[in-house]
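J.: Coordinates for the following, if possible.
(one chain, ligands or ions: 1)
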Amino acid sequence: MRLAIQQFVPEFGAVEGNRERLAAAVEAAPEAAAIDLLVAPELAFTGYRFRDRAELERLAEPVPGPTTEALVALARRLDLHVVAGLAERDGERVYNAAALVGPAGVVGRYRKVHLFADERRLFDPGREPWPVLRVGDVPVGLMICFDWIFPEAARTLALGGAWVIALPANLVLPHCQSAVVTRAIENRVFIALSNRAGADRREGLEALRFTGQSRIVGPDGEVLVECERDEAAVRAVEIDPALAADKTLASGNDIFAERRPALYGALTRPPGNGA
Ligand code: ACM
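T.: Numbers count the residues shown, from 1 in each chain. From the prediction side, this is the model:
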């Protein structure tokens, strides 16, 4: 599988223009024709710094909708699959979502469960767990940005059979880029972290600058490709996704078979002092 990340700089609110620029950048990438799965950032078409819920509602759209249709058209032109983040409107609710699309249409979707900072007053939280979808024979899991700080998200995907985790992001802090190395090692999966670059500057609101450094990490924690902090770029690498089926370390330990779930009860109880 040729796995790619796209680090992108959306212009806030210019949804149609961002759709066109994102697709044009992929098509102009030297390796475009060979990519099997491309991961683009969180909220790649709207930008991130919404003034209020009304502005978000105005920019959000259904799935399927115009943005996923444009992504399907791109997927057909290049014969690939794409994961991209977008603001999804479903009736009265608005989600920070990611869609997986291919030449045949929308394969599936995830609605962000763990909302970061101001997102909590803007978006409705997702109510369903992280999905494991298929790109050909390869099980691909979806999570979004701040989900990274909850190790349960990547763990749930890996235990659910994901070999590759697609992680669209709009990171303003610098920690996730190193944390995905650990997430990849502890689950023995590939992680494609696609962050955005640039800044959202809105009048009357504090500017947010994003930390770039998108990367693809392998099951041994090796960084296979990465982007600079501020660049817009498409980077790709050939991977053998089935390596992620083997959970055995060089020491002989099978880190999934040797889990001790009977001792992990605290994971599903509310926080407290006792075990
Ligand atoms: C984030 O979840 N966008 C930090």
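J.: Name the residues of stretch 223-243 that are buried.
T.: 224, 225, 226, 227, 232, 233, 234, 235, 236, 237, 239, 241 (16 or more other CB atoms under 10 Å). Heads up, the C-betas are built off the backbone N, CA and C, glycines and all.
J.: I figured the last one hits residue 192, correct?
T.: No - using CB atoms under 8 Å, residue 241 is not in contact with residue 192; the gap is 11.0 Å.
J.: Find the residues that touch each one of these two.
T.: The contact sets of residue 241 and residue 192 overlap at 3, 164 (CB atoms under 8 Å, 6 or more residues apart in numbering).
J.: how about the helices of the protein, start to end?
T.: In the chain, the helices defined using DSSP state H lie at 15-28, 53-59, 66-78, 119-122, 151-159, 176-187.
J.: Residue 7: what's it in contact with?
T.: Contact analysis of residue 7 by CB under 8 Å, 6+ apart lists 41, 194-197, 212, 214, 227, 231-235.
J.: Kindly reformat these as JSON lines containing pLDDT and distance to residue 61.
T.: Below are those laid out as JSON lines (pLDDT from 0 to 100; distance: CB to CB, whole Å):
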{"residue": "41", "pLDDT": "98", "distance to residue 61": "17"}
{"residue": "194", "pLDDT": "98", "distance to residue 61": "20"}
{"residue": "195", "pLDDT": "98", "distance to residue 61": "23"}
{"residue": "196", "pLDDT": "98", "distance to residue 61": "19"}
{"residue": "197", "pLDDT": "98", "distance to residue 61": "24"}
{"residue": "212", "pLDDT": "98", "distance to residue 61": "26"}
{"residue": "214", "pLDDT": "98", "distance to residue 61": "24"}
{"residue": "227", "pLDDT": "98", "distance to residue 61": "27"}
{"residue": "231", "pLDDT": "97", "distance to residue 61": "28"}
{"residue": "232", "pLDDT": "98", "distance to residue 61": "23"}
{"residue": "233", "pLDDT": "97", "distance to residue 61": "26"}
{"residue": "234", "pLDDT": "98", "distance to residue 61": "24"}
{"residue": "235", "pLDDT": "98", "distance to residue 61": "28"}
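J.: Would you point out the most distant pair within those residues?
T.: 196 and 235 (14.3 Å; CB to CB).
J.: Tell me the confidence at residue 272?
T.: You'll see residue 272 listed with a pLDDT of 83.
J.: Quickly check: stretch 180-190 near the ligand or not.
T.: No - between stretch 180-190 and the ligand, judged by CB under 6 Å from any ligand atom, nothing touches; the nearest distance is 13.4 Å.
J.: can you list contacts of that stretch?
T.: 3, 141, 148, 151, 154-155, 157-158, 162-165, 167, 191, 193, 215-221, 223, 239, 241, 243-244, 246-247, 255.
J.: Any chance of a PyMOL selection covering the buried ones in those residues?
T.: Burial among those is assessed by 16+ other CB under 10 Å; the matching PyMOL selection reads:
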select buried, resi 3+141+148+154+155+157+158+162+163+164+165+167+191+193+215+216+217+218+219+239+241+244+247
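J.: Which of the contacts of stretch 180-190 fall in strands?
T.: 3, 141, 164, 165, 167, 191, 193, 215, 216, 217, 223 (DSSP state E).
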